[in-house]
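# Requesting a structural model of the entry that follows:
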Amino acid sequence: MQAKRIFITGGASGLGFALAQRCARAGWQVCIGDRDNERGEAVIGSLTKLQKDAFFMPCDVTRIGDIEEVAVELEKRWDGVDVVVNNAGVAQVGALTDTTIGDWQWIMDINLMGVVRGCKVFTPLFQRQGHGHFVNVASMAGLLDVPNTSAYSASKAAVVSLSETLENELAKDNIYVTVACPSFFKTNLGEGMRASIEGMRDKLERLMSNSKLDAADVAETIFSAIKSKRSHVLPHREGRIAWYFKRFLTRKLYQRIVHSRIK
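Numbers count the residues shown, from 1 in each chain. Predicted structure coming up:
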């Protein structure tokens, strides 16, 4: 069987890099894109040890031209691509009244529109080759409703909705769509986080450090979902339980149970 070809945005660190490593170990052809050129160049060597043809391309998901350049290069090198992972994302925490319109525009441009750009650029390529698979990385924040995360949660909820809609829209073209909704795990999400709540970075670090799963665990779950073509990936057991509560309990009971645990 021919090795799969995968492109991952935000692939130079965190979940993106963990997934790149997992796919490289499986013998897949891997391209990572990232706006941090220095980090991308620094980590690509460890990927080429696993898969000699792995390579890095500078890619800022807020610029559609960058993504188009990647698509052209993948067609040139690989004659196409099988899986595109729209993973790049940022975090913002703060009350609605303290979150500026600039912060809203910043997070939507990366978390939502970055995914939109990735899907828009690669869908025609997938259609021409007759198959493809998008993996869009959202968050449990896109399924739940944690206070003081309105901008972040709205951006991730939009990614969930976009993914579910495209799953139906693109099925006729043999294009699959998976949306991943992890909870907290050890990653570098806090590096570029914007927060108007004092001590939020330390709290985020504690939540990530206390997680039972790390980036490699989440990457393994996503890797399995790609192979089985699952539409939704909820790696964390606690997150799945909270989501079930929200779906099946009354609103008041859900709030009493779940929100009491996250205060």
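# any idea how far Asp66 is from Val81?
Using C-beta to C-beta, to the nearest Å, Asp66 is found at 15 Å from Val81. For the C-beta atoms, the positions are set from N, CA and C on the backbone; glycine is no exception.
# Could you check which of those two is surrounded by more residues?
Taking neighbours as other C-beta atoms under 10 Å, Asp66 and Val81 compare with Val81 leading, 24 against 18.
# what's the pLDDT at that one?
If you check Val81, the pLDDT there is 98.
# Was I right to think it contacts Val121?
No. Contact criterion C-beta atoms under 8 Å: Val81 and Val121 do not qualify, at 10.9 Å.
# shared neighbours, these two?
Common contact partners of Val81 and Val121 (C-beta atoms under 8 Å, 6 or more residues apart in numbering): Ala71.
# buried set for the helix or strand encompassing Val70?
Here Val70 sits within helix 64-78, counting by DSSP states H and E. Neighbour counts over helix 64-78 (16 or more other C-beta atoms under 10 Å) mark Ile64, Asp66, Ile67, Glu69, Val70, Ala71, Leu74, Trp78 as buried.
# which non-adjacent residue is nearest the fourth one?
So that's Glu69. The spatially closest residue to Glu69, leaving aside those adjacent along the chain, is Met57, at 7.3 Å (C-beta to C-beta, 6 or more residues apart in numbering).
# Leu143: neighbour count?
22.
# again, but for the one 3 residues further on
The burial metric for Val146, expressed as a neighbour count using other C-beta under 10 Å, is 16.
# same check, this time on Thr97
6.
# How about Thr250?
8.
# Repeat that for Gly142.
21.
# that older thread, quick check, the residue nearest to Glu69 in a strand?
Yes. Assessed with DSSP: H, G, I helix; E, B strand; the rest coil, Met57 lies in a strand.
# Confirm for me that it is in contact with Cys31.
Yes. The criterion here is C-beta under 8 Å, and Met57 meets it with Cys31 at 6.2 Å.
# So the two - more neighbours on which side?
Neighbours were counted for Met57 and for Cys31 using other C-beta under 10 Å; Cys31 has more, 25 against 20.
# Just list whatever residues bridge to that one.
Phe7, Phe55 (DSSP bridges).
# measure it to Ile222 for me?
Using C-beta to C-beta, one obtains 17 Å as the distance from Cys31 to Ile222.
# go on, Leu96?
From Leu96 over to Ile222 (counting by C-beta to C-beta), the distance is 32 Å.
# For His133, which residues are in contact?
Asp82, Val83, Val84, Ile175, Tyr176, Val177, Thr178, Ile226, Lys229.
# Report the rounded mean pLDDT for the longest helix along the chain.
Longest helix in the chain by number of residues (criterion: DSSP state H): helix 150-170. Mean pLDDT, helix 150-170: 97.
# Report the angle between whichever helix or strand comes after it and helix 150-170.
Using DSSP H and E, the next helix or strand after helix 150-170 towards the C-terminus is strand 175-180. Here the directions of strand 175-180 and helix 150-170 differ by 160 degrees (axes from the mean of the first three to the mean of the last three C-alpha atoms, to 10 degrees).
# Any figure for the gap between Asp53 and Arg77?
8 Å.
# repeat for Cys23
Distance from Cys23 to Arg77, by C-beta to C-beta: 16 Å.
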